[in-house]
Structures are given as structure tokens and as C-alpha cells.
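Enquirer: From the sequence below, what's the structure:
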Amino acid sequence: MSLPGGALGLGIDLGTSGVRAALLDQRGEVRAETALALAPAARRDPEALWEATARVIGALPAADREAVRRIAVDGT
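Expert: From the prediction side, this is the model:
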């Protein structure tokens with residue numbers, strides 16, 4: 001991933017156990033990460049996944065969130 005200056009990438013994973021988010025710098029090193037486990041039924045509920053995604057992103061440092069210039073999303 002090629003990012004300019006102090007820009008960060010945001011990776012979001014909607015997985016089999018919950019939702020995870022990580023901020024990566026230009027070198028690919030993790031600057032911050034958060035995760036939220038979900039009950040099996042919630043993993044199939046679009047509204048619950050959306051809310052969990054918003055929560056994990058919101059838990060990342062605000063100053064770092066403002067530096068996000070790229071987003072990648074993965075789901076299993």
C-alpha cells in the first residue's frame with residue numbers, strides 16, 4: 001500500500017468471530033487496532049454488523065482516524 005506522508009490505511013475485517021479494525025502506516029506497521037466479538041446470530045444481522053463496525057472504528061484514536069486515506073474491507 002502506498003500512502004503519502006502521514007496518511008494511514010484503515011483495514012476492517014468482518015470475520016467469523018466478530019469485527020476488527022486496524023490502522024496501518026506507510027510501512028505497513030499497525031498504529032492501532034480494535035476488535036469486538038459478536039454472538040453467532042449477530043454475525044448474520046446486517047444492522048448488528050454495521051453498528052459493530054462503527055464501534056470498532058470509533059474506538060480508534062481520533063487523530064489517527066482523521067489521517068485515513070485508504071480503506072480495505074474483508075469479510076468471511
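Enquirer: When you work out contacts or count neighbours from here on, use the C-alpha atoms and nothing else.
Expert: OK.
Enquirer: Show me which residues of the helix or strand of the chain with the lowest mean pLDDT are buried.
Expert: Within the chain, judged by mean pLDDT, DSSP states H and E, the helix or strand with the poorest mean is helix 62-66; its value is a mean of 93. Of the residues in helix 62-66, those buried under the neighbour-count criterion (16 or more other C-alpha atoms under 10 Å) are Asp64, Arg65.
Enquirer: tell me which element the most centrally placed residue in the chain falls in.
Expert: In the chain, the centroid-proximal residue (C-alpha atoms, centre = their mean) is Ala21; its distance is 2.3 Å. When secondary structure is defined using DSSP states H and E, the element that contains Ala21 is strand 18-24.
Enquirer: which residues in this structure form helices?
Expert: Applying DSSP state H to the chain gives helices spanning 46-58, 62-66.
Enquirer: In CSV, list the C-alpha atoms belonging to the last one.
Expert: Taking only C-alpha atoms (Å, rounded to 0.1, in the frame of the first residue of the first chain), the coordinates of helix 62-66 have been written out as CSV:
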residue,chain,number,x,y,z
ALA,A,62,-9.5,10.2,16.7
ALA,A,63,-6.3,11.9,15.4
ASP,A,64,-5.3,8.8,13.6
ARG,A,65,-8.8,8.3,12.1
GLU,A,66,-8.5,11.8,10.6
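Enquirer: Okay, now the unreliable bits of the protein?
Expert: Per-residue confidence of the chain (counting by pLDDT under 70) places the weak regions at 1-4.
Enquirer: redo that, cut-off 80
Expert: Scanning the chain for pLDDT under 80 picks out 1-5.
Enquirer: Could you give me the buried positions within stretch 30-39?
Expert: Judged by neighbour count (16+ other C-alpha under 10 Å), stretch 30-39 contains these buried residues: Ala32, Glu33, Thr34, Ala35, Leu38.
Enquirer: From the rest of the structure, what touches that stretch?
Expert: 17-25, 52, 56-57, 59-61 (C-alpha atoms under 8 Å, 6 or more residues apart in numbering).
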